[in-house]
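> Mind looking at a prediction? Sequence and model below.
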Amino acid sequence: MKTYKIYGPPGTGKTQFLIDEVKFKLTGKKYDKNKKLIDTCTTVPPQQIGYASFTKEAVRVATKRCVEYCGVNYDDLNYFRTLHSLGYEARGFNPDTVMQDEDYLAVFEAAGFPYVGGYQYDSSNLDSSREKFNDPGLSLINFAANRMIPLQEAIDLRPTEEPFADILAKQEALAKFCEDGKKTFSHMIPTESKHIVNDSFKEIKYLFIDEAQDLSTTQFKFIKLISQRANLKELWIAGDDDQAIYPFNGADVHAFRNFKHDHKEVLAQSYRVPRKIHEYLNNIYDKITYREPKKYTYRNGDPGSFEPDLHESDISQYYPLINSSNETFLFAARNNSILDDLRVDLGQNNIDFRYKDHMPIFFEFKEAVCHLKILEKNGRLEGKDFVNVLKRIPVQTKKNPDGIKKYGYQQKIINKMEEGEIIHYSMTDLKACVTEVKDWSQMFKHIGSDDTIRLKEHEKNNTLEKKPNVILDTYHGVKGAEYDHSFVFKRVNQIQQESLGREGSQDCDNEWRAYLVACSRSKHSLNILPDPKGQQYDI
């Protein structure tokens, strides 16, 4: 087996690099940027290619590009999955196998912990009152499992106020329950051959792994298992240790950096970062102690702009530009609470925005109208978009006989998506769910009259597909994205300040990596908003 390790600094196109290699395998031809043929190879059946990334969305994008570029069908790319999806299948799990929130609550209550954690309001969703399980002890238990380390070592790396004895008792109760009962999310990743009951992944001969810096210790173990059992011909690992910002979830940057390889390449040209922002990023790189030294050049052409000291009161001067522009504007902060005042101010100035990738309910309806129109025009719609349409149609009742008939159908689609399936649905599927397919204004009964008028105006002006061009999110939330203009708050809380004070430590490196990710998203301008109280990243 030949192993290839690709380092992709911000904007250098490592995902596209991998996809181009997949395309080479599928088509047998490789071209340079001038469309000149530079290499050929024997074509590989698509069923022999595996492509895994950190998130479902990243896999979805890669799959879509390969279908568009290579003339293959979605069904041909069965092994374009997340590692959790591959593990889920390899372990023979089903929807009833994996523990849900209520299972954790029951296990912990039986162990004598009825009030620790529990359900809480999900403040990340502005338009939802849904609850989710959030137990700090469970988070540490999962962290230890993902890193394959003892619980005490996990707590040393991630200190907590909860007593060690309590977390240990939870861990033991969970382990006992999982011996004969359901399994945790961490169990989806097999780390030993004895865990595997379905090795259909043996069809894979060429495996591509994107965002490898975010993989856990267990996931690297699984990759090794796949390599051995599938007898891989080639393994490609791509990532960037400088953007390894998920250590709290068990990501193991050391495993990525120490991964043995036959060939290493650093992608040396950024197509996003302009010169002035690149110069600032170099200052951040100097703060990271544990890293692979690498050089890459900035984007050619426009040098971009960099403002190191923008006062928060000056943000309002950009509002007219935001309202009149089709460009994107990012406001990023280390913590959600730092964005609270800005959310209020934007709302008062009638500026539409997305917050942590959640849009106000009006834009969710707007998106659903777009998806319905795509279904009507093209006759097919991807599963997640089809679900978005179904969610806007109320349940069938005596007062509303035109509502959705098969409400459970929606959950079945979601279950299939969670298993990694990429399925498309047709108008026939929609007609099977509702009494009669009508105009969206008649089917989407939950929408208010004022919003209906606004949507009809957008429909008339062909602006239904236009989304808010202002995005508010945390440093971690914007990873992998890019924007025209970025406004980055340097403010940190006391815990992060203490981490920055431990220069050369893992915690300090993690803070600088998160800040680097936020500052490297912009294609044109970067504006830094320092903390007037002085609690900030000090450059």
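Structure's in. What do you need?

> can you give me the strands in the stretch 301-450 of the chain?
Shown for the stretch 301-450 of the chain, the strands assigned by DSSP state E, counting those that start in this stretch span residues 305-307, 329-333, 354-355, 380-382, 424-426.

> can you put the ones you listed in JSON lines and add mean pLDDT?
Listed next are the strands of the stretch 301-450 of the chain as JSON lines, based on pLDDT from 0 to 100:
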{"stretch": "strand 305-307", "mean pLDDT": "98"}
{"stretch": "strand 329-333", "mean pLDDT": "97"}
{"stretch": "strand 354-355", "mean pLDDT": "86"}
{"stretch": "strand 380-382", "mean pLDDT": "90"}
{"stretch": "strand 424-426", "mean pLDDT": "90"}
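
> low pLDDT regions in this protein?
When the per-residue scores of the chain are filtered using pLDDT under 70, the ranges that remain are 115-133, 357-360, 406-407, 419-421.

> Mark out where each domain of it begins and ends.
Following automatic domain parsing, one finds the domains of the chain at 2-91+197-266, 101-182, 275-359+467-529, 363-442.

> Now tabulate these in CSV and tack on mean neighbour count and distance to S449.
Any C-beta I mention is one placed from the backbone N, CA and C, and that applies to glycine too. What follows is those, written out as CSV (neighbours: other CB atoms under 10 Å; distance: least, CB to CB, whole Å):
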stretch, mean neighbour count, distance to S449
domain 2-91+197-266, 19, 34
domain 101-182, 15, 18
domain 275-359+467-529, 18, 19
domain 363-442, 16, 10
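
> Just put those in TSV and tack on distance to N461.
What follows is the domains of the chain, written out as TSV (distance: least, CB to CB, whole Å):
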stretch	distance to N461
domain 2-91+197-266	28
domain 101-182	25
domain 275-359+467-529	14
domain 363-442	12
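
> For I189, which of those is the nearest?
Shortest separation from I189 across these is recorded for domain 2-91+197-266, at 4.5 Å, computed as CB to CB.

> what lines up beside the helix or strand containing L235 in the sheet?
When elements are defined using DSSP states H and E, L235 is found to belong to strand 234-239. For strand 234-239, the paired strands and their directions (DSSP bridges) read strand 2-7 (parallel), strand 206-209 (parallel).

> Now do the end-to-end distance for stretch 509-529.
Taking CA to CA, to the nearest Å, the first and last residues of stretch 509-529 lie 21 Å apart.

> Please shift the residue numbers so they start at 27 in all later answers.
Happy to do that; since the first residue is 27 now, the last one works out to stretch 535-555.

> I'd like the distance from that stretch to the chain centre, please.
Its chain's average C-alpha position is 18 Å from that of stretch 535-555, according to CA atoms, centre = their mean, to the nearest Å.

> so who does V496 touch?
Applying CB atoms under 8 Å, 6 or more residues apart in numbering, we find V496 in contact with I348, T354, F355, F357, L372, I377, D378, F379, R380.

> separation between it and G506?
Plainly put, V496 is 19 Å away from G506 if you go by CB to CB, to the nearest Å.

> go on, H304?
Between H304 and G506 the distance is 19 Å, computed by CB to CB.

> would you list every one of the helices in the stretch 227-376 of the chain?
Along the stretch 227-376 of the chain, the segments classed as helices by DSSP state H, counting those that start in this stretch run 243-256, 279-283, 301-311, 345-350, 366-374.

> outside of the last one, which residues touch it?
Right, the one you point to is helix 366-374. When contacts are taken as CB under 8 Å, 6+ apart, the neighbours of helix 366-374 outside the stretch itself are E338, I341, S342, F357, F379, Y381, V496, L498.

> Thanks a lot, catch you later.
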